[in-house]
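**Student:** Quick one, fold the following:
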Amino acid sequence: MRETLAAFVLAAGLVALAACGRSNPALGDWEVDRTETEPGALLAVEATDLSRLTFHRSGASAGDTEIPGTWAVEEDRVRLVRADGRGEHRIEVLPDDRIRVELPIGVSAVYKRAGG
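**Tutor:** So this is what the prediction gives:
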């Protein structure tokens, strides 16, 4: 009985550890980096209210828009796979706590940690 309980506790711990997976470097609040984003992309980002993004465990948000989804963490990329079946958003992890986001408006923009 004791061995069965120990095996169960060990198995539960391993399942919990596996569920954690790799940490997601994109989680948190971001603001567009005006010095690193191309001028045309910057205009599009500002016109569509995508200057500030928040990535959380269950998806992303920009202003009042919520995008539920699941995350896939890869080497230097993170992908948000949309729960509504409308594709995914790719995020490239850059040096100096920055990311490049392929936005749904057809442009890519560089973001830095908000307040950083």
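**Student:** For residue 98, give me its contacts.
**Tutor:** With contact taken as CB atoms under 8 Å, 6 or more residues apart in numbering, residue 98 is in contact with 33, 36, 110-112. Yep, even glycine has a C-beta here, placed from its N, CA and C like the rest.
**Student:** Equivalent analysis for residue 83, please.
**Tutor:** 59, 68-70.
**Student:** Going by distance to residue 52, which of these wins?
**Tutor:** Of all these, residue 52 sits closest to residue 59, with 15.3 Å by CB to CB.
**Student:** where are the low-confidence patches of this structure?
**Tutor:** Flagging of the chain using pLDDT under 70 yields the residue ranges 1-21.
**Student:** before we move on, the earlier item: most surrounded residue in the contacts of residue 83?
**Tutor:** Greatest neighbour count in those, by other CB atoms under 10 Å, goes to residue 69: 20 neighbours.
**Student:** That one - that's part of a helix, no?
**Tutor:** No. Residue 69 is assigned strand when assessed by DSSP: H, G, I helix; E, B strand; the rest coil, not a helix.
**Student:** Any idea what it is bridged to?
**Tutor:** Counting by DSSP bridges, residue 69 forms beta bridges with residue 82.
**Student:** got the contact list for the residue nearest the centre of the chain?
**Tutor:** Most central in the chain under CA atoms, centre = their mean is residue 26, positioned 4.1 Å from the mean C-alpha point. Counting by CB under 8 Å, 6+ apart, residue 26 touches 55, 71, 78, 91, 93, 99.
**Student:** Could you export the residues you listed to a markdown table, including columns for neighbour count, distance to residue 106 and secondary structure?
**Tutor:** Listed next are the contacts of residue 26 as a markdown table, based on neighbours: other CB atoms under 10 Å; distance: CB to CB, whole Å; DSSP: H, G, I helix; E, B strand; the rest coil:
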| residue | neighbour count | distance to residue 106 | secondary structure |
| --- | --- | --- | --- |
| 55 | 25 | 20 | strand |
| 71 | 21 | 22 | strand |
| 78 | 22 | 20 | strand |
| 91 | 26 | 16 | strand |
| 93 | 17 | 21 | strand |
| 99 | 22 | 18 | strand |
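**Student:** Tabulate these in a markdown table, adding columns for distance to residue 42.
**Tutor:** Converted to a markdown table, the contacts of residue 26 look like this (distance: CB to CB, whole Å):
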| residue | distance to residue 42 |
| --- | --- |
| 55 | 20 |
| 71 | 26 |
| 78 | 22 |
| 91 | 18 |
| 93 | 21 |
| 99 | 15 |
